[in-house]
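could you look at this predicted model? Sequence included:
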Amino acid sequence: MPHVNELYQKILAGPIDSNLRREILEEIVRCLDLKRDTLGTWEKTLFAQSLAYLSINAGSTYQRTSLWLRLCLVCLEKAMVPRRERNEDYTVDSETIDSMNYEFLVTEAGKIRWQIGY
């Protein structure tokens with residue numbers, strides 16, 4: 001994923017600020033839109049993790065570590081892995097994951113958008 005590689009480079013180069021977080025959020029939403037009609041347990045789990053890691057980074061006032069942003073991008077990359085190239089046994093069925101849908105994930109992205117001042 002070329003744009004994700006670009007984002008990794010920006011994380012390494014710094015600074016980690018709201019502009020970088022906005023770019024990452026835009027990429028998550030763009031990828032989520034691509035998977036809108038095919039969200040399975042795999043995708044839901046990884047998109048939710050990606051959003052959670054971004055939110056943790058954005059909400060931290062004491063640390064500006066790149067760890068959360070790197071994990072965010074790892075999950076985003078994994079969410080986009082084609083079905084034939086992944087191990088579906090990696091994720092388990094759960095009511096919590098099943099209850100997540102596109103609208104829920106987009107709403108969570110909106111909350112993060114507000115959190116980072118975007």
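That came through, no problem. Numbers count the residues shown, from 1 in each chain.

hmm, which helix or strand of this structure has the shakiest average pLDDT?
helix 95-99 (a mean of 87; mean pLDDT, DSSP states H and E).

so the most centrally placed residue in the chain is in which element?
Centroid-nearest residue in the chain, with Cα atoms, centre = their mean: residue 50, separated by 2.7 Å. Per DSSP states H and E, residue 50 falls inside helix 41-59.

rewinding a little: check contacts around the residue nearest to the centre of the chain.
Applying Cβ atoms under 8 Å, 6 or more residues apart in numbering, one finds that residue 50 lies in contact with 28, 72, 73, 75, 76, 79. Backbone N, C-alpha and C define where each C-beta goes, glycine included.

quick check: which ranges of this structure have low pLDDT?
For the chain, the stretches with pLDDT under 70 are 61-64, 88-93.

if we can go back for a sec, list the buried residues of the helix holding residue 50.
41-58 (16 or more other Cβ atoms under 10 Å).

chain neighbours aside, what residue packs nearest to residue 1?
residue 77 (5.8 Å; Cβ to Cβ, 6 or more residues apart in numbering).

the one you found against residue 5, yeah?
No: between residue 77 and residue 5 there is no contact under Cβ atoms under 8 Å: 9.4 Å.

of the two, give the one with the bigger neighbour count.
The neighbour comparison of residue 77 against residue 5 (other Cβ atoms under 10 Å) goes to residue 77, with 16 against 11.

quick one: residue 74 from residue 53, how far?
From residue 74 over to residue 53 the distance is 9 Å, taken as Cβ to Cβ, to the nearest Å.

alright, I will stop here.
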